[in-house]
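**Q** With the input below, show me the fold.
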Amino acid sequence: MTPGISIGYARCSTDKQDLEANRQILLDLGVPEDRIYLDRAYSGTTRARPGLDQALAAVRPGDTLVVPKLDRLARSVPDARQIGDSLATRNIRLQLSTMVYDPADPMGKMFFNILATFAEFEVDLLRMRTREGMAIAKAKGKLKGRAPKLSAPRQAHLRKLHAAGEHTIAELAELFEVSRPTVYRVLERSQNATTA
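**A** Just a heads-up that it's a prediction; the model follows:
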């Protein structure tokens, strides 16, 4: 049986984060450049990721899926376990940096679960801090929500054209270069204001 190949995977959560450091780690771990799959601006809690799907499709029995850290692969305990178990069932090794995860080894399994728990804990902590920060900003009057897509004069113009009955919602959306739901929201706000 010929030895398997290494397939690399990494992701970053935002467009501003640089994947180059993760790519370099994978190269240093011996993954060929053309065998590296990346996802940019995808959260680890999002299971549907094109790069991950391609990496999982590329690995074959005997191969090794290499990730720089477990949190680059998954950010929840159930997701990490599902991916790890699926790879083990397919006879594919999972390498986290320099450590190869062996689901048959009780110590390796415990360590894997601990890493997954910490990755999930980081996500939960981040969500909690975000909610707290938003609550503080709202209390100080600094959180006003998303700015409307149309300025007040443009909204008035849209309402005037709609009232004239000469344009469909789709035509108004195209005319003002917004989505149909945006047109509906402008009209709904106007109706709520007049009935209040």
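**Q** buried ones in stretch 156-165?
**A** By 16 or more other Cβ atoms under 10 Å, the buried positions in stretch 156-165 come out as Leu158, Arg159, His162. Placement of C-beta: from N, CA and C, glycine included.
**Q** and what of stretch 97-116?
**A** Tyr101, Phe111, Phe112, Leu115, Ala116.
**Q** Name the surrounding residues that touch that stretch.
**A** The contact list for stretch 97-116 (Cβ atoms under 8 Å, 6 or more residues apart in numbering) reads 25, 29, 64, 67-71, 74, 76-77, 80-81, 84-85, 88, 93-96.
**Q** Now intersect the buried residues of stretch 97-116 with the helices, please.
**A** Among the buried residues of stretch 97-116, the residues falling in helices (DSSP state H) are Phe111, Phe112, Leu115, Ala116.
**Q** Tell me which two of those residues sit farthest apart.
**A** Within those, Phe111 and Ala116 form the most distant pair, 9.8 Å apart (Cβ to Cβ).
**Q** For the chain, which segments count as helices?
**A** 20-28, 50-58, 70-73, 77-89, 106-139, 152-164, 169-176, 180-195.
**Q** do you know which of those helices lies nearest Arg35?
**A** Of all the helices of the chain, helix 50-58 sits nearest to Arg35, with 7.2 Å by Cβ to Cβ.
**Q** what angle do the closest one and helix 77-89 make?
**A** With axes from the mean of the first three to the mean of the last three Cα atoms, to 10 degrees defining the directions, helix 50-58 sits at 30 degrees from helix 77-89.
**Q** circling back to that earlier point, in CSV: the buried residues of stretch 156-165, plus pLDDT and distance to Glu188.
**A** What follows is those, written out as CSV (pLDDT from 0 to 100; distance: Cβ to Cβ, whole Å):
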residue, pLDDT, distance to Glu188
Leu158, 88, 12
Arg159, 90, 11
His162, 89, 11
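**Q** Nearest to Val186 among these?
**A** Nearest to Val186 among those: Leu158, at 5.6 Å, using Cβ to Cβ.
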